[in-house]
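Engineer: predicted model and sequence below, questions to follow.
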Amino acid sequence: SDPRLVEAFVPFLEKLVKNASWRNKAHSKLSHTAKSILDRLQRPPPPSPTAAQTPSTPTSPSTPTSSSWQPGPLRNLSLEDSELLLSPISSALGSGSAKLVEAALELLHRLIAHSYIHGEADPSADPSSQLVASLLEAACNALHLDDEHIELLLLKTLLSAVTSTSVCLHGDCLLRAVRACYDMYLGSRSTVNQATAKASLVQMLVIVFRRMEADSSTIPVQPIVVAEVIELPDAGSGASPTADATFVQGFISKIIVDIDGAFTPLARTTSSAAAGTVPHDGAFETTAATEEGANPADLLDSTDKDMLDAKYWEISMYKTALEGRKDELGVEGAVVATLDDDADVRIGNKLRRDAFLVFRALCKLSMKTPPKDAPADPIVMRGKILALELLKILLENAGAVFRTSERFLGAIKQYLCLSLLKNCASSHMIVFQLSCSIFISLVSRFRPGLKAEIGVFFPMIILRVLENIAQPNFQAKMIVLRFLEKLCTDSQILVDIFINYDCDVHSSNIFERMVNGLLKTAQGPPAGIATTLVPPQDTTMKSEAMKCLVSILRSMGDWMNKQLRIPDPDSPKIESEQNDNDGGNEFPQTEINGDASSEVSDSHSEVSNGVSEAASLEQRRAYKMELQEGIALFNRKPRKGIEFLINANKVGESAEDIAAFLKSTSGLNKTMIGDYLGEREDLSLKVMHAYVDSFNFQNMEFDEAIRAFLQGFRLPGEAQKIDRVMEKFAERYCKCNPKAFSSADTAYVLAYSVIMLNTDAHNPMVKNKMSPEDFIRNNRGIDDGKDLPEEFMRSLYGRIWKKEIKMKEDEFVPHQQQSTSSNKILGLDNILNIVIRKRGSAMETSDDLIKHMQEQFKEKARMSESVFYPATDVVILKFMVEVCWAPMLAAFSVPLDQSDDEIVISQCLEGFRCAIHVTAAMSMKTQRDAFITSLAKFTSLHSAADIKQKNIEAIKAILLIADEDGNYLQEAWEHILTCVSRFENLHLVGEGAPPDATFFALQQPDLDKSKQAKSSIIPGLKKKAPNAGAASKRGTYDSAGVGGKASGVDQMNNAVTILLEQVGIAEMNRVFIRSQNLNSEGIIDFVKALCKVSMEELRSASDPRVFSLTKIVEITHYNMNRIRLVWSSIWHVLSEFFVTIGCSENLSIAIFAMDSLRQLAMKFLEREELANYNFQNEFMKPFVVVMRKSRAVEIRELIIRCVSQMVLARVNHVKSGWKSMFMGFCNGII
């Protein structure tokens, strides 16, 4: 035998001999066995050539030969020898003695860690595998000794077995190891052992799922980061929150490192916090005997009898989704024997089966509910919490196979969806928090394969809490808000949600409702409505909602930047989102998977048909909005609603089309459907006949037919309408069942009787109930004078009495709840009501509720578009902005106006910045101008006496926007440059410098003359300037400037001093200096806006300003070196401006303008002009035009002097400019 093996066994056997109790018969026998084996190990074996050769050439068990030698689980030993050596270990583990168990576990761990034991552990396989399985089972059973040291040894042994590449745990053995760790977490009295058990569980799950993803049992793994597993307090268990994380980390790391070849540095595995445990009740069983080693394809197709309870959830719910994909689950039609021919496939299938079984077990454990006699059982809650936490870790670290394989997506739909349903309305905040976290992981990482499920659960889990404004559960809503903030940082998720739900006719407008819910939360409960929130809670909630709104806009901007390749080095999101693309944002097309190609082809089918994504999206969105408008109109006035829908081509004109619409469309008011069907107009009558004829009542009991018929609408109140509907029903029933009654009259009368019986039996207002005899007596002679069989009548009576006939909608929704929200329109009220419905005992879900929920899932899955559309076209953002810009503007403007809190102000300004970035880059003029105008007003530069710190922050935000988004601002530059102009005026006031009016204002006689003249040379100069003193104190935003009169200086001094300390004139000038960085379109927009602002400054005859006029000269100088094509466009704008100002009635301003033009011309003439170009001539034309139009002699003389100076100074550079110069001289002579 291997000397190392002997070295391992000898100390163990000696301990058995030493510590076995002679008084205990079993111990005594164990001691004798140990002595015997010890003697054999210490005695050198006789030489035997056959024995020496046999281990080196073991025969395959599948191909037996004449040799009786069989390999055992111990390396190089036969099965017989292995049993001999391992039997003391099993006996010691079951001895009940702590010392013996301790010795056995130490040896078992050593054998596994050093790969002395090899092969599979399977109780249903060959004897060798059975031997290993029995050893591990015995080790797990030692947990009942309740010894802390033994618990740690057991954890070490089990984790080594799961990690080992030589021992393979599959199926039942793997689940048994997981269950032992789970039970230890539950039962251990040591907090350190509890933390170690939880960390071991996480490590096991990481190994199982990583091997499944790699389809290999030998893939190296690395230890988890334990601090992330136990960093939060263990809520609800009473354990210390300060478990020894260092000890646990060392424990886990040593086990992983000690496994031969198991440790290689890999990507870090993230984990999370919170813990718990609970009795498993079959959660760890593989159930059917056929599953033990059978084809994994059968695993999902079999009826899962142990799945909580068959009555709660039927596995066939999504069975159809898995049909046709069996080749992905395993080898088609394979049996165990055939798998031996392909080891890789066998390993792959078993690894996937293991992952599936573990995932299913955790889902079951997460659904455990406390017993009715102990609804607050902390053990059950700890178990639920731990299971949810482990599920959360799995989903957050899910790989490509888990996210895209139909096998695992089916498991999520079957098991995890029910877990969410049971836990999302829990009153335990930790359970609710984990449910939200799991759901967010599904949205982030699994959304391509779970479109219908997410469409149902998002309103149920997230929007239900978010939209409760007046009386929310503070903790629950804060959990939802924090998760939404995390969700909103992923830009691709938001765009995908909008495309796949807000643009899907059969889905709720999730994005729109989310934005509106956040807006209402940020604004707080309406005035006059009682709320359960105290002021600090209200403030905190508003702040969180504001963060989410800002995150939405920031993410939209980041997504737009990536699509348009807009450089944004300051954004921290670019790198993180690129990393996310390797994880949460990974689309199926990036996966090497068979499902990927099909999803890609489906998702881009519209593009292949020649329709762009944006055009298709616009059509779908418009169709949905128009359809919802028609449904809302129908619910008020059915006839007009049908007319609207027909005219809008949402419903066909035939009676059959209308009937099908009424029967299948969600959101229609059932009462209104009944009223419309009961009308006697030709179209309504035809529709009613078509509606009834669409039912097939063949072989249905009479009451079943009525139930099916009345599920879709409520009978109208008028007797004549009821008569028409029931008459047609009776005719249809008799046509489908010709032998049921002698005539339709019988069915007609009996239908009335059944409806009366239903009301009598189930209306609490009726005191004297109808007896079976009364019911039979009331219906005597209705069958052409004969009585219907008494047995039939009594059976009919019993069924009606036992189960009320209800509309489908009213089955779980109280009549008084008439929701007008989009939930109602989209048919989600039933689902929401199930979750929030008050129940007798906490966490209890009735059979009917689950069955109804199952129907709702099927209905949503059937109606929703099955294709998931990954967003790629940036035009989609336009539709998103159209939905959210108004709520966003309100959310940012109101707090900015009313609050002085620094954090609130910072959030609002960040929201404005992000909104302006998106709307400007997408060229959405109306929305962009709305945000910029609002932000410019909040600077209060038009009313300097009101300037506060928040206004100064708004000024800084304006400057930042000008710097970052200048290329896209277009006409909005006017608002920014107006703010800059007003700031400069305040700067002059603060420094005590004389205003421009000192030098440029008209004298009083000229002023009166100017007022009387009807000059239209400068557009807009007819407006009267506001009183300068009033402007300085409380000017309006639209006023031309702040003014500089002494009457306002005192009020402004303090505000201006504070402003100038934080924002210098140099920062304002930077706006003009950086104009040279604008692109070709941006600089033209900038120049146009600056000219417009300059016009506004010069409008006042008594108080003109030339700030912007001087800046025009500066920016022209900065941009002189642009290419001729761009410069021509710039000069086209400037030449018109200089001509207008040069002809001003204010001579001082006109002279200043012409002198400015001279400076530019001198600078421009320094540039060489090639032959046959005409640009100098174009540049000089303003001199010629002003010379012609101006009536002022001073201006004409100035122009001649300017031209003369240019000729003298730049004569060698003048070429095409001579033409304009001579024209100017000619006009001067004239």
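Structural biologist: The structure has been received and is ready for your questions. Predicted, not measured: the structure shown is a model, and the values here were computed from it.
Engineer: low-scoring stretches of the stretch 801-950 of the chain, by residue?
Structural biologist: Applying pLDDT under 70 to the stretch 801-950 of the chain flags residues 807-866.
Engineer: all helices of it, in order?
Structural biologist: Under the criterion DSSP state H, counting those that start in this stretch, helices of the stretch 801-950 of the chain are mapped to 822-825, 829-836, 847-863, 876-898, 902-921, 925-937, 949-964.
Engineer: cool, and the stretch 1101-1230 of the chain?
Structural biologist: So, for the stretch 1101-1230 of the chain - with DSSP H, counting those that start in this stretch - the helices run 1107-1118, 1124-1142, 1147-1164, 1175-1189, 1193-1210, 1217-1229.
Engineer: turn the ones you listed into TSV, including mean neighbour count, distance to Asp146 and mean pLDDT.
Structural biologist: (Each C-beta comes from the backbone N, C-alpha and C, glycine too.) TSV is the format used below for these (neighbours: other C-beta atoms under 10 Å; distance: least, C-beta to C-beta, whole Å; pLDDT from 0 to 100):
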stretch	mean neighbour count	distance to Asp146	mean pLDDT
helix 1107-1118	20	83	87
helix 1124-1142	19	84	84
helix 1147-1164	20	93	78
helix 1175-1189	21	96	68
helix 1193-1210	16	103	69
helix 1217-1229	17	103	56
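Engineer: in a markdown table, list the ones you listed along with distance to Arg189.
Structural biologist: Output for the helices of the stretch 1101-1230 of the chain, formatted as a markdown table (distance: least, C-beta to C-beta, whole Å):
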| stretch | distance to Arg189 |
| --- | --- |
| helix 1107-1118 | 77 |
| helix 1124-1142 | 80 |
| helix 1147-1164 | 88 |
| helix 1175-1189 | 92 |
| helix 1193-1210 | 98 |
| helix 1217-1229 | 98 |
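Engineer: residues contacting Arg447?
Structural biologist: For Arg447, the contact set (C-beta atoms under 8 Å, 6 or more residues apart in numbering) comprises Ile454, Ile493, Asp496, Asn500, Phe868.
Engineer: how about stretch 650-670: buried residues?
Structural biologist: By neighbour count on 16 or more other C-beta atoms under 10 Å, the buried set for stretch 650-670 is 650-651, 655, 658-663, 665-670.
Engineer: among these, show me the least confident.
Structural biologist: Minimum pLDDT for those is recorded at Ser666 (78).
Engineer: ends of stretch 527-537, how far apart?
Structural biologist: 17 Å (C-alpha to C-alpha, to the nearest Å).
Engineer: then stretch 659-671?
Structural biologist: 15 Å.
Engineer: and Gln619, how many neighbours does it have?
Structural biologist: 13 (other C-beta atoms under 10 Å).
Engineer: can you check the pLDDT for it?
Structural biologist: 79.
Engineer: for it, give its distance to Met1120.
Structural biologist: 49 Å (C-beta to C-beta, to the nearest Å).
Engineer: equivalent analysis for Asn985, please.
Structural biologist: Distance, Asn985 to Met1120, using C-beta to C-beta: 28 Å.
Engineer: now the strands for the stretch 301-450 of the chain?
Structural biologist: Secondary structure of the stretch 301-450 of the chain by DSSP state E, counting those that start in this stretch: no strands are present.
Engineer: where does it have low pLDDT?
Structural biologist: For the stretch 301-450 of the chain, the ranges with pLDDT under 70 are 301-348, 371-376.
Engineer: quick one on the thing from earlier: which one of the contacts of Arg447 sits closest to Phe709?
Structural biologist: Nearest to Phe709 among the contacts of Arg447: Ile454, at 33.8 Å, using C-beta to C-beta.
Engineer: which residues sit in contact with the closest one?
Structural biologist: Leu442, Val443, Arg447.
Engineer: could you dump those residues into a markdown table and include distance to Ala954?
Structural biologist: Output for the contacts of Ile454, formatted as a markdown table (distance: C-beta to C-beta, whole Å):
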| residue | distance to Ala954 |
| --- | --- |
| Leu442 | 40 |
| Val443 | 35 |
| Arg447 | 38 |
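Engineer: let me know the closest of the residues you listed to Ile805.
Structural biologist: For the contacts of Ile454, the minimum distance to Ile805 (C-beta to C-beta) is 37.9 Å, reached by Leu442.
Engineer: returning to that earlier point: any chance of the contacts of Arg447 in JSON lines, with distance to Glu467 and secondary structure too?
Structural biologist: Shown next, in JSON lines, are these (distance: C-beta to C-beta, whole Å; DSSP: H, G, I helix; E, B strand; the rest coil):
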{"residue": "Ile454", "distance to Glu467": "18", "secondary structure": "helix"}
{"residue": "Ile493", "distance to Glu467": "20", "secondary structure": "helix"}
{"residue": "Asp496", "distance to Glu467": "22", "secondary structure": "helix"}
{"residue": "Asn500", "distance to Glu467": "21", "secondary structure": "helix"}
{"residue": "Phe868", "distance to Glu467": "25", "secondary structure": "coil"}
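Engineer: just flag the most distant two among those.
Structural biologist: Ile493 and Phe868 (12.3 Å).
Engineer: wasn't Ser216 part of a helix?
Structural biologist: No. Counting by DSSP: H, G, I helix; E, B strand; the rest coil, Ser216 is not part of a helix but coil.
Engineer: show the pLDDT at it.
Structural biologist: 83.
Engineer: and what of Tyr752?
Structural biologist: pLDDT, Tyr752: 84.
Engineer: same thing with Met204?
Structural biologist: The model's pLDDT for Met204 equals 91.
Engineer: right, and it touches Ala180 too?
Structural biologist: No. The criterion here is C-beta atoms under 8 Å, and Met204 misses it with Ala180 at 10.5 Å.
Engineer: overlap in contacts of these two?
Structural biologist: Joint contacts of Met204 and Ala180 (C-beta under 8 Å, 6+ apart) are Leu158.
Engineer: just put the helices of the stretch 801-950 of the chain in TSV and tack on distance to Arg75 and mean neighbour count.
Structural biologist: Formatted as TSV, these follow (distance: least, C-beta to C-beta, whole Å; neighbours: other C-beta atoms under 10 Å):
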stretch	distance to Arg75	mean neighbour count
helix 822-825	64	22
helix 829-836	56	19
helix 847-863	52	17
helix 876-898	61	20
helix 902-921	64	23
helix 925-937	73	20
helix 949-964	68	19
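Engineer: angle of the top helix by length along the chain against helix 902-921?
Structural biologist: Scanning the chain for the helix with the most residues, using DSSP state H, yields helix 535-564. Counting by axes from the mean of the first three to the mean of the last three C-alpha atoms, to 10 degrees, helix 535-564 points 30 degrees away from the direction of helix 902-921.
Engineer: chain center to helix 535-564, what's the gap?
Structural biologist: Per C-alpha atoms, centre = their mean, to the nearest Å, the displacement of helix 535-564 from the mean C-alpha position of its chain is 13 Å.
Engineer: give the other helices and strands that that helix contacts.
Structural biologist: helix 474-488, helix 491-497, helix 510-523, helix 573-580, helix 876-898, helix 902-921 (3 or more C-beta pairs under 8 Å, 6 or more residues apart in numbering; DSSP states H and E).
Engineer: and Pro88, how many residues sit next to it?
Structural biologist: 25.
Engineer: how far away is it from Ala98?
Structural biologist: 17 Å.
Engineer: before we move on, what about Gln537?
Structural biologist: Taking C-beta to C-beta, one finds Gln537 at 53 Å from Ala98.
Engineer: just Ser1144 next, same as before
Structural biologist: From Ser1144 to Ala98 the distance is 105 Å (C-beta to C-beta).
Engineer: the two: who's more crowded?
Structural biologist: Using other C-beta under 10 Å as the criterion, Ser1144 and Ala98 rank with Ser1144 on top: 25 against 15.
Engineer: just checking, the more buried one touches Ile1151?
Structural biologist: No. Using C-beta under 8 Å as the test, Ser1144 is too far from Ile1151 to be in contact (9.5 Å).
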